[in-house]
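# Take this sequence and fold it.
(2 chains)
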There are 2 protein chains.
Amino acid sequence: MPAHDAVVAALERRGELWHPAPGLVALRGSVLALYERLERAIQALAASLSLEHWRVPPALGLHSLGRADYFASFPHWLTVAAHLSERNDLLERMAQSGGAGDALCQALMPPDVALSPAACYHVYEHLAGTTLPDALTVSVQCTCWRHEGATLAPLLRGWAFTMREVVCVGSDEAVTHTIERGLEAASVFAAALGLAATVAPAVDPFFAPTARGRTLLQRVKELKRELLVPHGRDGSMAVASFNRHGEFFGDAFGIRTASGQPAASGCVAFGVERWLLAVLCAHGTEPRDWPQVNDVSAATGVPQP
Amino acid sequence: MPAHDAVVAALERRGELWHPAPGLVALRGSVLALYERLERAIQALAASLSLEHWRVPPALGLHSLGRADYFASFPHWLTVAAHLSERNDLLERMAQSGGAGDALCQALMPPDVALSPAACYHVYEHLAGTTLPDALTVSVQCTCWRHEGATLAPLLRGWAFTMREVVCVGSDEAVTHTIERGLEAASVFAAALGLAATVAPAVDPFFAPTARGRTLLQRVKELKRELLVPHGRDGSMAVASFNRHGEFFGDAFGIRTASGQPAASGCVAFGVERWLLAVLCAHGTEPRDWPQVNDVSAATGVPQP
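This is a model prediction of the structure:
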């Protein structure tokens, strides 16, 4: 099995993958066609687990991330979007500078929004302050941003990458039902793609001072599991994760169930570029060796909507 | 015909549109289904005008925008993506601050990338320094960011919005051919959707000190045209634009034709959210009154790939 860097190098030689900036990837040709088949199949899987789907924007107010305790949990990943001042003198300096360094930094306004670090925050934000008559299960996809410094690697760990999530908010039972169905569907999908996937308990890489309590809680209560697939001889990566949050987000965003209690939540998350990488590591970079993704999607046994 | 704000208000009341932050929009339900039909139809139109399609990343190196003279031309629109320092003391302050103000600004690294202000820059960047044996026509879509301050309005003028472009790089003749075919296809598409569209010469809103020469050049040489549709009683908006750049980008990015000359370029750009707004203004917000977008796409007479 080729390692992820050998796969990326082969696609670069073929001119079908390039990375214009660290952690940012472009695709064309046959590997893009494979990516799109996988993206559509994952979309169909997610739809079969969801009551509805939403189109969410690419960024999120910092106040919403604050409610979710994001700054204490994952400050190291944060990427913000910032626009410039409308002051003409600052813009003129920018225009004359050719965009370099100082003039840009001085013209930047303090940011109000972050580029989405996960798709599910948009769901909690929109449901904030509401009471849900029934459990709600929503499929959402967005480009997510997590800056992981020196560990960025094309397809494996992007600064920007594509995440499809099924988010369930409601009773504990509804969340359990969604997560167990999601785990089954993702496992069947992986098997049909010829991936040697395993499910394992996992913990999030919380920021150090916050990590002790949170990590222990995740481990003891088995809140997070991942679907792992191999890449190369020794590596493995998570292509999907299955996350129970208890009442954390229900409490933080004031989302209640019909009984007046804070709602439970959970999500099933798919990293789309990693599914592409997993197929390429398992079957190589030659299109003739790739599995029929459309057939695979139909073969999971998960009813289509 | 309802004005754009009346359309937005009706969708908000129905719970199918919300804007979590200024210039950022979320959709669900029947209006999302209409958006997706329009997006697919525009994708098919663009494919019929293009040799290939690329998946481009959501951001672009500042040095590439600098080559395109972006900082002199449109500094007022610029939106950057910035991550945080890896310094633990700065991150700890962030974590303790709950993400507010000072701690965040001090932890921000000077930005290296901008969120794409247009999809076509990715094409020039990737072709930089190459010689093209033949003209290349590429379909690309990305979320584009332009900060237009107080004029932001949902669907009409987003901080982030969706742009599909057909980009042609090669001879003058190839560029003319792509733009004229694009203009015809966009006009037929608009007519089939029941939109009262007109084509008009236009100029880009260049930043003041740069504007004089550029605006004059665009006007005299008729480099930019727009497909305008009405919204409300008095308003009109561009749903597509048709842009000739001469050898500007070929020169700036060192892209040459087989003869050794800087390549010409041009693009046909579709603002996807504006097509949605145009249909809603023309036909109202009731799904039963909406046109059959799939049929419309087939009716344009542009051959499908």
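# Going by C-alpha atoms from here, please, whenever you check contacts or count neighbours.
OK.
# what's in contact with stretch A:49-59?
By C-alpha atoms under 8 Å, 6 or more residues apart in numbering or on different chains, the surrounding residues in contact with stretch A:49-59 are A:47, A:81, A:113-116, A:119, A:122, A:136-144, A:166, A:178, A:181-182, B:24-29, B:32, B:160.
# I'd guessed A:H245 sits against A:S265; true?
Yes: under the criterion of C-alpha atoms under 8 Å, A:H245 makes contact with A:S265 at 5.5 Å.
# When the two are compared, which one has more neighbours?
A:S265 (27 against 17; other C-alpha atoms under 10 Å in any protein chain shown).
# Next one: the more buried one from B:A21, what distance?
The gap separating A:S265 from B:A21 is 24 Å, by C-alpha to C-alpha, to the nearest Å.
# Kindly report the same for A:H76.
23 Å.
# which ones are touching A:A95?
The contact partners of A:A95, by C-alpha under 8 Å, 6+ apart, come to B:71-73, B:75.
# Show me how chain A divides into domains.
Chain A breaks down by automatic domain parsing into domains covering A:4-79+A:117-298, A:80-115.
# Can you give me the buried ones in the last one?
In this case it means domain A:80-115. Under the neighbour-count criterion of 16 or more other C-alpha atoms under 10 Å in any protein chain shown, domain A:80-115 has A:80-86, A:90-95, A:97-100, A:103-105, A:107-108, A:110-115 buried.
# Among these, name the ones in helices.
Within the buried residues of domain A:80-115, residues falling in helices by DSSP state H are A:90-95, A:97, A:103-105, A:107.
# which one of the residues you listed sits closest to chain B?
Checking those against chain B by C-alpha to the nearest C-alpha gives A:A95 as the nearest, at 4.0 Å.
# Find me the pLDDT at the closest one, would you?
Turning to A:A95, the model gives it a pLDDT of 86.
# separation between it and B:A269?
Taking C-alpha to C-alpha as the measure, A:A95 and B:A269 are separated by 25 Å.
# want to throw the domains of chain A into TSV with distance to B:G129?
Putting the domains of chain A into TSV (distance: least, C-alpha to C-alpha, whole Å) gives the following:
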stretch	distance to B:G129
domain A:4-79+A:117-298	14
domain A:80-115	20
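# Those domains: lowest mean pLDDT?
Among these, domain A:80-115 scores lowest, at a mean of 89.
# And that one, how far out from the chain middle?
29 Å (C-alpha atoms, centre = their mean, to the nearest Å).
# Same question for stretch A:78-88.
Per C-alpha atoms, centre = their mean, the displacement of stretch A:78-88 from the mean C-alpha position of its chain is 25 Å.
# Determine whether any part of that stretch lies close to chain B.
Yes: judged by C-alpha under 8 Å from any C-alpha of the partner chain, stretch A:78-88 and chain B are in contact via A:78-86.
# I'd like to know which elements the one helix or strand A:Y124 maps to is packed against.
In the assignment (DSSP states H and E), A:Y124 maps to helix A:121-127. Helices and strands touching helix A:121-127, by 3 or more C-alpha pairs under 8 Å, 6 or more residues apart in numbering or on different chains; DSSP states H and E, are helix A:62-67.
# what's around A:H53, how many residues?
There are 22 residues near A:H53, going by other C-alpha under 10 Å.
# That one belongs to a strand, doesn't it?
Yes: looking at A:H53 with DSSP: H, G, I helix; E, B strand; the rest coil, it is inside a strand.
# Please report how far the residue lying closest to it once chain neighbours are set aside lies from chain B.
In this structure, A:H53 finds its nearest non-sequential neighbour in A:S139, 4.5 Å apart by C-alpha to C-alpha, 6 or more residues apart in numbering or on different chains. Separation of A:S139 from chain B (C-alpha to the nearest C-alpha, to the nearest Å): 11 Å.
# Can you pull the phi/psi pair for A:A190?
phi -60, psi -40 (degrees, to the nearest 10).
# Great, nothing more from me.
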